[in-house]
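1. quick one: sequence and predicted model below, then my questions.
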Amino acid sequence: MIVIGGGLAGLAAGVALAESGWRVRLFEQRPFLGGRATSYVLPDGEHVDNCQHVTLGCCTNLDDFYRRVGSADKVKFFDRLVFLDPQGRRGEMQAGMLPAPFHMTGSFAAFAPLSLADKISIGRAMVSILISRGKPADIAAPGGISMLEWLKRRGQTKGAIERFWRVVLVSALDEELDRTDARYGIDVFWKAFLSNRAGYRMGVPAVPLADLYEGCKAAIERKGGEVVLRAPARAVRLESGAVTGVEFDAGRVESADAYLFAVPHTAFAELFAPYAAQLGPMLTNLGRIGVSPITGVHFWFDRPVMTEPFLTLIDTNTQWIFNKTALYRPSNGSSSAAGPQTQYLQLVISASYGLLQKPRQEIIDLCLAEVRQALPRARDAQLQKATVIKEAAATFSPYPGVDRLRPKQETPVTRLYLAGDWTDTGWPATMEGAVRSGYLAAEAVLRKSGEPRQLLQPDLPHDGLVRFWA
Ligand SMILES: Cc1cc2nc3c(=O)[nH]c(=O)nc-3n(C[C@H](O)[C@H](O)[C@H](O)COP(=O)(O)OP(=O)(O)OC[C@H]3O[C@@H](n4cnc5c(N)ncnc54)[C@H](O)[C@@H]3O)c2cc1C
């Protein structure tokens, strides 16, 4: 079995297939594993995540993958999400005593950045999601409708849209509301906030992202396979409707019983461009899948400026601030590598179209002003250094109707399988979506070889009162 691509999709498929008895040879072009969800060392020696990544309680397949590779205890889960606006008003989302779907009612009622009119309109939209069990009839229109359109149809106030729906969904889906299929937006609220008390719990890695994949190589090698780094696939051989080999540098050609391409959709389209006629709409559709950007800003302060592990900002360019020093601190309370006298923060701005063209220093100045506004202790602190990482093609854009363009993991081409967050999983571009695609691809390989096995994990069960009507 050849797997091309060592991101989460390729790793999830590779590990699952190795555990099912396949000899997996995984080739990754870069010197490290993890793809977009990884970390690396900057020229100045700092170990940084490509960008802060978080998971949610409803991401059952990612959780399963972390368990398989021995990384589950490297992710810390939090029950309280704290929001802050420029006027200093705080809001929280936290499950209280009531059963689902009412578990958030207490913290929502006290959510200071929203007015009563905002809350009533949000409540009405939530009821609409609830009674339709996450599938309101109008989102099934051919070609989909945008989340913004759906919210307008539900009479949402400007405050509700800007200070609630946009805040949650732009971070979750990496796209603006008018470019997001309402199906994805509604799914976030149904799966994470309404149908189960634990769906919204936020998991944040307590280690640099690359450390999460330490167990993958061993899992594949234990079964006689190998993981080859710095090994870009340069071309594919396709003869009489079947893949027959993959070409690497120095004329090396590798062959196998099955080939799984777990590369980004743009890389897949490039590798298979010579076979466009044979792949037909599957390949041309990929050219119509757009991408959206995420910008990460890293700040190192000369003193602690923040106590919370993370904060969500409202009405600012900066959407999240993560306190990396606290997150990396061992749970036993001993001090982190950065030392207790300094503090490392990571800021995230999703759908950061407006920042792509801006010079890095301008982005640093903009975000620093917002951090100093949100965190009074940062006003006197010295910024020792800062770095900006722009990912122009961070995720595929979940625009209305994009699902029709996403190919299945099993293809009409003999021996060819696909994985990647962009393949047809029903999920947006997330780590959970990537792992799901890897499991679905591995299931397809196993089914085809006559050894079917279920790898895909079920969603969280419906909880509390939701059980009775969903
Ligand atoms: C800045 C940023 C922030 C994000 N934040 C979150 C978050 O908080 N939560 C979340 O769930 N998701 C987040 N995501 C999305 C998440 O990272 C992706 O959905 C997921 O990692 C995709 O995994 P993948 O395996 O499908 O693709 P990738 O991670 O892109 O993996 C593809 C791999 O294929 C390799 N490759 C490409 N071409 C070749 C070739 N020719 N030969 C060999 N190897 C090749 C690449 O080097 C790469 O390692 C974020 C993404 C970005 C960029």
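-> Ah, there it is.
2. list the residues that contact the spatially closest residue to Gly464 that is not a sequence neighbour.
-> Closest residue to Gly464 apart from its sequence neighbours, by C-beta to C-beta, 6 or more residues apart in numbering: Pro99 at 2.9 Å. All C-beta atoms are positioned from the backbone trio N, CA, C, and that covers glycine. Pro99 makes contacts with Arg197, Asp463, Gly464, Leu465, as judged by C-beta atoms under 8 Å, 6 or more residues apart in numbering.
3. just the buried ones from the residues you listed?
-> By neighbour count, with 16 or more other C-beta atoms under 10 Å, the contacts of Pro99 hold Arg197, Asp463, Gly464 as buried.
4. could you give the average pLDDT over the host helix or strand of Val348?
-> Secondary structure from DSSP states H and E places Val348 in strand 343-350. Strand 343-350 shows a mean pLDDT of 98.
5. again, but for stretch 426-433
-> Mean pLDDT, computed over stretch 426-433, is 98.
6. again, but for stretch 82-91
-> Here the average pLDDT along stretch 82-91 is 97.
7. list the buried ones in it?
-> By neighbour count on 16+ other C-beta under 10 Å, the buried set for stretch 82-91 is Phe83, Leu84, Asp85, Gly91.
8. got the phi/psi numbers for the first one?
-> Backbone geometry at Phe83, expressed as degrees, to the nearest 10, gives phi -120, psi 150.
9. check contacts around it.
-> By C-beta under 8 Å, 6+ apart, the residues touching Phe83 are Arg90, Gly91, Glu92, Met93, Phe111, Pro113, Val167, Leu311, Thr312, Leu313, Ile314.
10. picking up where we left off before, between the buried ones among the contacts of Pro99, which is nearest the ligand?
-> Arg197 (20.7 Å; C-beta to the nearest ligand atom).
11. correct me if wrong: the closest one contacts Met97.
-> No - applying C-beta atoms under 8 Å, one finds Arg197 not in contact with Met97, separated by 10.5 Å.
12. ends of stretch 286-294, what's the gap?
-> End-to-end distance for stretch 286-294: 21 Å, by C-alpha to C-alpha, to the nearest Å.
13. buried residues in it?
-> Residues of stretch 286-294 classed as buried by neighbour count (16+ other C-beta under 10 Å): Leu286, Ile289, Val291, Ser292, Pro293, Ile294.
14. just these: which are in helices?
-> Judged by DSSP state H, these include Leu286 as members of helices.
15. which members of the buried residues of stretch 286-294 additionally contact the ligand?
-> The residues of the buried residues of stretch 286-294 that also fall near the ligand, by C-beta under 6 Å from any ligand atom, are Ile294.
16. which of the buried residues of stretch 286-294 sits closest to the ligand?
-> The shortest approach to the ligand among these belongs to Ile294, at 3.7 Å (C-beta to the nearest ligand atom).
17. give me the sheet partners of the strand holding Val348 and which way each runs.
-> Counting by DSSP bridges, the strands paired with strand 343-350 are strand 291-301 (antiparallel), strand 320-323 (antiparallel).
18. how about the residues of the stretch 351-470 of the chain by the ligand?
-> By the rule C-beta under 6 Å from any ligand atom, the part of the stretch 351-470 of the chain lying against the ligand is Glu391, Ala394, Thr395, Gly420, Asp421, Ala429, Thr430, Met431, Glu432, Gly433, Ala434.
19. kindly recompute the last result at 8 Å.
-> Within the stretch 351-470 of the chain, the residues that sit near the ligand (C-beta under 8 Å from any ligand atom) are 389, 391, 393-395, 419-422, 429-434, 437-438.
20. and for the residue found closest to Arg80 once you drop the neighbours it is linked to in the chain, the neighbour number?
-> The shortest distance from Arg80 to any non-neighbouring residue, by C-beta to C-beta, 6+ apart, is to Gln94 (4.6 Å). The tally of other residues near Gln94 (other C-beta atoms under 10 Å) stands at 17.
21. which parts of the top helix by length along the chain are buried?
-> Longest helix in the chain, counting residues (DSSP H): helix 431-448. By neighbour count on 16+ other C-beta under 10 Å, the buried set for helix 431-448 is 431-446.
22. flag the shaky bits of the stretch 201-350 of the chain, pLDDT-wise.
-> Applying pLDDT under 70 to the stretch 201-350 of the chain flags residues 331-340.
23. tell me where it has strands.
-> 202-205, 226-228, 235-239, 242-247, 253-254, 259-261, 291-301, 310-313, 320-323, 343-350 (DSSP state E, counting those that start in this stretch).
24. from those strands, which stretch is densest packed?
-> Mean neighbours per residue, mean count of other C-beta atoms under 10 Å, is largest over the strands of the stretch 201-350 of the chain for strand 259-261, with a mean of 27.
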